[in-house]
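J.: Below are the sequence and a predicted model; questions follow.
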Amino acid sequence: MMPTTLARLAVVASLAAVLAAPAGLAQGDVIATRKDGFKGMAANMEAIQKIVEGRQPAAGAIAPARAIAAHAPSIVTLFPPGSDRGDTRALPSIWSDRAGFERVAAAFVTQANALVAAAESGDSAQLARALQATGQACGACHRPYRMPR
Ligand code: HEC
């Protein structure tokens, strides 16, 4: 075998190991990671709520809204098959109705981007409406896919 072929095989092997890593991630890790993500979004939602309720300039909501929108697309990736077991309130319907789950997750991404646009508009009334719609988009996923306490 030519040395270059060996080198290529080694690259392929290490690439395969990298690609396999997410699947090999302990389920507890992915559950903890997704919970941290949700907690971060909740904190940013509260920050925006304070701005709306305190009638502060909408511009203050830009950074927390962007943080929510930046996290939103990764939500679906944090529910790999098998991560239904452990310290989690994820309902089995996430995996049995994957298309439905991905639909509400995609709708949430769209809404999170609308929240950013509302904050950037500087229009407080628009921000208040977008905040309410975003809260509804959180609930639209929680009702069918998260265990009630
Ligand atoms: C696409 C579905 C989906 C969307 C959108 C969504 N959530 Fe969740 N959320 C879940 C699921 C499922 C869980 C349960 C996760 C677990 O226990 O493994 C959860 C858990 C949580 C938790 C509890 C985290 C913990 O520490 O246990 C909070 C807080 C939360 N979400 C807030 C929000 C907020 C705020 C939004 C909107 C800004 C939101 N979520 C949007 C599905 C969603």
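T.: Structure received. The structure displayed is predicted, hence computed values, not measured ones.
J.: Tell me the secondary structure of the residue lying closest to Gly135 once chain neighbours are set aside, please.
T.: Spatial nearest neighbour of Gly135, chain neighbours left out: Met45 (6.9 Å); criterion: CB to CB, 6 or more residues apart in numbering. Where you see a C-beta, it was placed from the backbone N, CA and C, and this is true even at glycine. Using DSSP: H, G, I helix; E, B strand; the rest coil, the structure places Met45 in helix.
J.: how deep is the nearest residue to Ile48 once chain neighbours are set aside tucked in, by neighbour count?
T.: Excluding its sequence neighbours, the residue lying closest to Ile48 (CB to CB, 6+ apart) is Ala61, at 4.5 Å. Ala61 has 28 neighbours, counted by other CB atoms under 10 Å.
J.: separation between Ala61 and the ligand?
T.: Taking CB to the nearest ligand atom, to the nearest Å as the criterion, Ala61 is separated from the ligand by 13 Å.
J.: got a list of what that residue touches?
T.: Taking CB atoms under 8 Å, 6 or more residues apart in numbering, we find Ala61 in contact with 47-48, 51-52, 115, 118-119, 127, 131.
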